[in-house]
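>>> Structure for this input, please:
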Amino acid sequence: MSESDINLTHPNGNSTTVPVSEMMDYLVGGWSPSEEQPEDPQIYGSDVDATDAVDRDIANYVADHNKENICKMLSNVAILNAAVTRLGDLQTADELASGVTSHVNGEGFSAAYARTGRRLWQWVTGKDAKSGEPRWEKKCLSHPRATAAFQRQTRNYDFNTASELAQHVCAFHWRQLAFILESGFEGSILEKADKRNRSEFKPTQWFDITGATVVQVKGGGTQLLWDSRKIWLPTSQIKNLAGSLKVPRWLAEKNDMV
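Numbering: from 1, shown residues only. Down below sits the predicted model:
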């Protein structure tokens, strides 16, 4: 019997051996392969070790699952701020300075997003990419001025906001952002509005000029005779408070009336 033969049995109890090429004709006639068969790898093939394939399937499932979760986390702007910061921090100093990804090391922004990523990084860190030193206030990607600052990039990618642009860039680099899935990770909470230097409110101090003689009123000014001197003061600054004429103390000091 050659290695290309197969054992067949018939319901009536008969058995035979036929070439594999003729097997189909016998199967149609009611024959079926018997339990005992010759060792023929051409018919049945050898056992296949599927371990590698299974491992690849598991790895691909885990990767897809992580990518989905990471992209969902990026909808939190504090985490998005942190993701942009990490990617920019992974750039080499010369890459940040030039805005070009020149090292193929799998870290930081890819060449396709080098300049856009650098600008996003400067926005959230407040650092100058060329020097690496702090230069501006750190600002959140949802800051009211962010979208205007990235108007050209958002328009080119057909996005509406700087946050959408940053999510797109970070999603492309999701493999470097597994740290945002760590339990308790909160991201970077940054300023969402400009800080204003508001001086502490100080009530106006008034200086009494009762007794001064009004010489003339012309235009928006009033000329007073004060201690043998004629002084022009803005009419709008002269107030009648509780029956007394007064001007702000800073104005009296400016005109040497104190």
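>>> Every contact and neighbour count from this point should use C-alpha atoms.
Fine.
>>> Can you report how many residues neighbour the closest residue to residue 186 other than its chain neighbours?
Nearest residue to residue 186, sequence neighbours excluded (CA to CA, 6 or more residues apart in numbering): residue 79, at 6.4 Å. Counted with other CA atoms under 10 Å, residues neighbouring residue 79 total 20.
>>> hang on, residue 79 packs against residue 180?
Yes: if you go by CA atoms under 8 Å, residue 79 and residue 180 touch, sitting 7.0 Å apart.
>>> Can you work out which residues contact both of those two?
73, 187 (CA atoms under 8 Å, 6 or more residues apart in numbering).
>>> how much space is there between residue 157 and residue 229?
70 Å (CA to CA, to the nearest Å).
>>> my bad, should have said residue 150
60 Å.
>>> for residue 156, same thing?
For residue 156, the distance to residue 229 - CA to CA - is 69 Å.
>>> returning to that earlier point: identify the residues contacting the residue nearest to residue 186.
73, 180, 186-188.
>>> what's the burial count for the residue nearest to residue 160 when sequence neighbours are not counted?
Spatial nearest neighbour of residue 160, excluding adjacent residues (CA to CA, 6+ apart): residue 154 at 6.2 Å. For residue 154, the neighbour count with other CA under 10 Å is 19.
>>> now swap in residue 241 and tell me
11.
>>> So it versus residue 101, what's the distance?
Distance from residue 241 to residue 101, by CA to CA: 70 Å.
>>> what does residue 121 give?
Counting by CA to CA, the gap from residue 121 to residue 101 is 14 Å.
>>> Which one of the two is surrounded by more residues?
It is residue 121, of residue 121 and residue 101, that has more neighbours when counted by other CA under 10 Å, with 27 against 21.
>>> I'd like the next helix or strand past the lowest-mean-pLDDT helix or strand in the chain.
Ranked by mean pLDDT, DSSP states H and E, the weakest helix or strand in the chain is helix 51-73, scoring a mean of 66. Downstream of helix 51-73, the next assigned helix or strand under DSSP states H and E is helix 77-90.
>>> What are the boundaries of the strands in the stretch 151-258 of the chain?
Here the stretch 151-258 of the chain has its strands, by DSSP state E, counting those that start in this stretch, at 206-208, 213-218, 221-226, 229-234, 239-241, 244-248.
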